[in-house]
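S.K.: fold the following for me, if possible:
(chains A, B, C and D)
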Protein chains: 2
Amino acid sequence: MELRQLKYFLKAKELNNFTEAAKELYITQSTLSQQIKQLEIELDTLLFNRVGKRVTLTEAGALFAQYAQQSIKKSEEGKSMLSDLNNLQTGTLTIGVTLGLQRLFSKAVLEFALRYPRIRIEAVFGASHRLVKDLENMEMDMVLVFNESLDNPNYIYHSLFDSPLAMVSSVHSPYSGRKSITLKEMEKLPLLVATKGFSTDHVISQAFEKQGLKPTFHMEINDIPTALELVKSGNWHSILVQTSVLDKDLVTIPIADIKQKRTAMLIRMQDTYQKKAMKAFQELLEEYGDEGG
Amino acid sequence: MELRQLKYFLKAKELNNFTEAAKELYITQSTLSQQIKQLEIELDTLLFNRVGKRVTLTEAGALFAQYAQQSIKKSEEGKSMLSDLNNLQTGTLTIGVTLGLQRLFSKAVLEFALRYPRIRIEAVFGASHRLVKDLENMEMDMVLVFNESLDNPNYIYHSLFDSPLAMVSSVHSPYSGRKSITLKEMEKLPLLVATKGFSTDHVISQAFEKQGLKPTFHMEINDIPTALELVKSGNWHSILVQTSVLDKDLVTIPIADIKQKRTAMLIRMQDTYQKKAMKAFQELLEEYGDEGG
DNA sequence: ATTCTATAATCGGTTTTAACGATTGATAAT
DNA sequence: ATTATCAATCGTTAAAACCGATTATAGAAT
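M.R.: Numbering: from 1, shown residues only, chains lettered A, B, ... in the order given. Here you go, the predicted structure:
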């Protein structure tokens, strides 16, 4: 048994497909096939069921995966611990971020880059469920999302701040200056969805649905800065977590009938050893989170 | 980084000597040297200081060893978990036992062998510090010793029973029938040490010393059954943990001035996964332990 | 029913590398 | 000064990881 084989196994498990897994591992399918087989022989247990042309994890495989992952994790923790120790700080920090937390992230990353110029940052924007999945596959060090609360004990959940949903409009819009707005009022407005496919979008749709309202979303965009640019034109209004917006040309108007706040949170694997860079980044997030995102 | 390299590294760490380590690993010294170097290159850190012809672990090496060990452990736990799952029970249970717990061990192992005939038992008798060291190097699943209380959080300590020290004599000896005896009385008797080099021996010596007594030990043996045979002859008396002795030809006489009892305990590594065989053995030990060793 | 497609297993050959034996170099002990 | 002991290094060999091509199989499409 070698770590190499365990890594191959986990990738195959993740994709349930040897050919694909081999591609991602930059080896051929035949190599992967052989290495998995070798592992199975050593363990004297089938890890995958071969039903026709497809493979599915066996129960034994699922159980074994836990140990495989932990074995790999420990070895990598050891490595990154040493790299911290050397204080060369040549590490990489991979962070998943959901769209609405872009601002918080940029603020933190700006300061972080100043303090730790030699640490490479890899930021992956995406839908929270996708990010969490990547975290599970150890492809990320931490993710920044809204309201994900898997109760998986292998992860550490850390709330950063709460923020309500609000309508975003141009300062020149007739609604500028309003203290609040109702969903019913918004139903007839030209709306722009800035978080298509994200969990925030889901919350918004549900709120309208609950009141039997059918708003028209004239546009869907999955990039917040672009969406905000469009809102500035005055042609559309959008709905976002309030702290995602801070621009002198825009206003946020509290939505009277959405009480539920969104909670920004940081999720990371439970490590006995936590990368120094990670700790530092987390501290920055907390700092900026307290200032209101 | 491969598990093979981590195993090599740990062995080298254990022995502080590449040549010896290579021998135990059944590889040549040159291979070991190269593999360690390769690991060091990957980690970008020296694991050993090379001072002249000898090697000593660096601080980084000591830290890394923790992770290496855990990585290996996880992979092996996974493997043994599967072997249990298959219910083939082809596993091996390696147990270290200190001399005085021989009786408890034999009783338990007898029953265990009946219930789990396909599990191989490897029993290693030896001094407790030696056993504990082997346990640390993961060469044992558990050890049975007296009073070892390292406060290492990676181990689980489980007390089985307490037992006082007692003088052991032939039923025909003049002391047979005595309710108790003092160290001073024993000083002049022909004594036989049955636990030379073991921690119990240490306790006995200290007790005499404390009272300024200088007993004469006419014989030293490091095997209890043999020692007991000799005591039966009536020529010597010995001092042992009371529960080590159960023989119609022998009597145990409580020693009035040694109040301190010896605690039999089981020590095992803290596993998230515990071998079924281990659990079963532990249960038997507890059962027989309650009956008084 | 037949062909096509997607997939895993297998086979034979190639490349990589783990392992070896012998040698060198360095240093501690004699 | 000599010897013994150890780690590093070098060149070679054996093992095994890997590859490309082929085969086998099952599901999908025709």
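S.K.: where does A:Ala277 land on pLDDT?
M.R.: Listed pLDDT for A:Ala277 reads 84.
S.K.: shouldn't it be within a helix?
M.R.: Yes. Applying DSSP: H, G, I helix; E, B strand; the rest coil, one finds A:Ala277 inside a helix.
S.K.: go ahead and confirm it touches A:Thr94.
M.R.: No. Assessed by Cβ atoms under 8 Å, A:Ala277 is found out of contact with A:Thr94, at 10.4 Å. (Glycine included, C-beta is placed from N, CA and C.)
S.K.: A:Met278 and A:Asp141, how far apart?
M.R.: 5 Å (Cβ to Cβ, to the nearest Å).
S.K.: neighbour count for A:Ala277 and A:Thr94, which is higher?
M.R.: Neighbours were tallied for A:Ala277 and for A:Thr94 using other Cβ atoms under 10 Å in any protein chain shown; the higher tally belongs to A:Ala277 (23 against 18).
S.K.: how about that one, what does it touch?
M.R.: A:Ala277 sits next to A:84, A:89, A:91, A:93, A:116, A:119 when contact means Cβ atoms under 8 Å, 6 or more residues apart in numbering or on different chains.
S.K.: correct me if wrong, but the first one is in a helix.
M.R.: Spelled out, that is A:Asp84. Yes. Assessed with three-state DSSP, A:Asp84 lies in a helix.
S.K.: surely it meets A:Gly91?
M.R.: Yes. Here A:Asp84 reaches A:Gly91: they are 7.2 Å apart, a contact under Cβ under 8 Å.
S.K.: which residues do A:Met278 and A:Asp141 both contact?
M.R.: A:93, A:268.
S.K.: still on that earlier bit, so what's in contact with A:Asp84 and A:Gly91 at the same time?
M.R.: Shared contacts of A:Asp84 and A:Gly91 (Cβ under 8 Å, 6+ apart): A:275, A:277.
S.K.: how about the residues of chain A by DNA strand C?
M.R.: Residues of chain A found near DNA strand C (Cβ under 7 Å from any atom of the strand) are A:17-20, A:29-30, A:33-34, A:36-37, A:48, A:50, A:53-55.
S.K.: so which of those belong to strands?
M.R.: Here DSSP state E is the test, and the residues of chain A next to DNA strand C give A:48, A:50, A:54-55 as lying in strands.
S.K.: report the two of those separated the most.
M.R.: A:Phe48 and A:Arg54 (9.4 Å; Cβ to Cβ).
S.K.: which of the two has more residues huddled nearby?
M.R.: Comparing A:Phe48 with A:Arg54 by other Cβ under 10 Å, the one with more neighbours is A:Phe48, at 20 against 11.
S.K.: can you show me the helices along the stretch 51-200 of chain A?
M.R.: For the stretch 51-200 of chain A, the helices defined by DSSP state H, counting those that start in this stretch cover A:59-85, A:102-115, A:128-136, A:183-187, A:199-210.
S.K.: in CSV, list these along with mean neighbour count, mean pLDDT and distance to B:Glu77.
M.R.: As requested, these are arranged in CSV below (neighbours: other Cβ atoms under 10 Å in any protein chain shown; pLDDT from 0 to 100; distance: least, Cβ to Cβ, whole Å):
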stretch, mean neighbour count, mean pLDDT, distance to B:Glu77
helix A:59-85, 20, 91, 5
helix A:102-115, 17, 86, 37
helix A:128-136, 19, 85, 20
helix A:183-187, 17, 92, 54
helix A:199-210, 17, 85, 36
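S.K.: how about the ones you listed, which one is nearest DNA strand D?
M.R.: helix A:59-85 (15.4 Å; Cβ to the nearest atom of the strand).
S.K.: the closest one near chain B anywhere?
M.R.: Yes. Counting by Cβ under 8 Å from any Cβ of the partner chain, chain B has neighbours in helix A:59-85: A:60, A:63-64, A:66-68, A:70-72, A:74-75, A:77-79, A:81-83, A:85.
S.K.: helices or strands next to that helix in the packing?
M.R.: In terms of contacts (3 or more Cβ pairs under 8 Å, 6 or more residues apart in numbering or on different chains; DSSP states H and E), helix A:59-85 is packed against helix A:3-15, helix B:3-15, helix B:29-43, helix B:59-85.
S.K.: let's have those in JSON lines, adding distance to A:Ser238.
M.R.: Output for the helices and strands packed on helix A:59-85, formatted as JSON lines (distance: least, Cβ to Cβ, whole Å):
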{"stretch": "helix A:3-15", "distance to A:Ser238": "35"}
{"stretch": "helix B:3-15", "distance to A:Ser238": "52"}
{"stretch": "helix B:29-43", "distance to A:Ser238": "49"}
{"stretch": "helix B:59-85", "distance to A:Ser238": "48"}
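S.K.: distance check, the residue of the stretch 51-200 of chain A found nearest DNA strand C against A:Gln242.
M.R.: Here the stretch 51-200 of chain A gets closest to DNA strand C at one residue, A:Lys53, 4.0 Å apart by Cβ to the nearest atom of the strand. As judged by Cβ to Cβ, A:Lys53 and A:Gln242 stand 51 Å apart.
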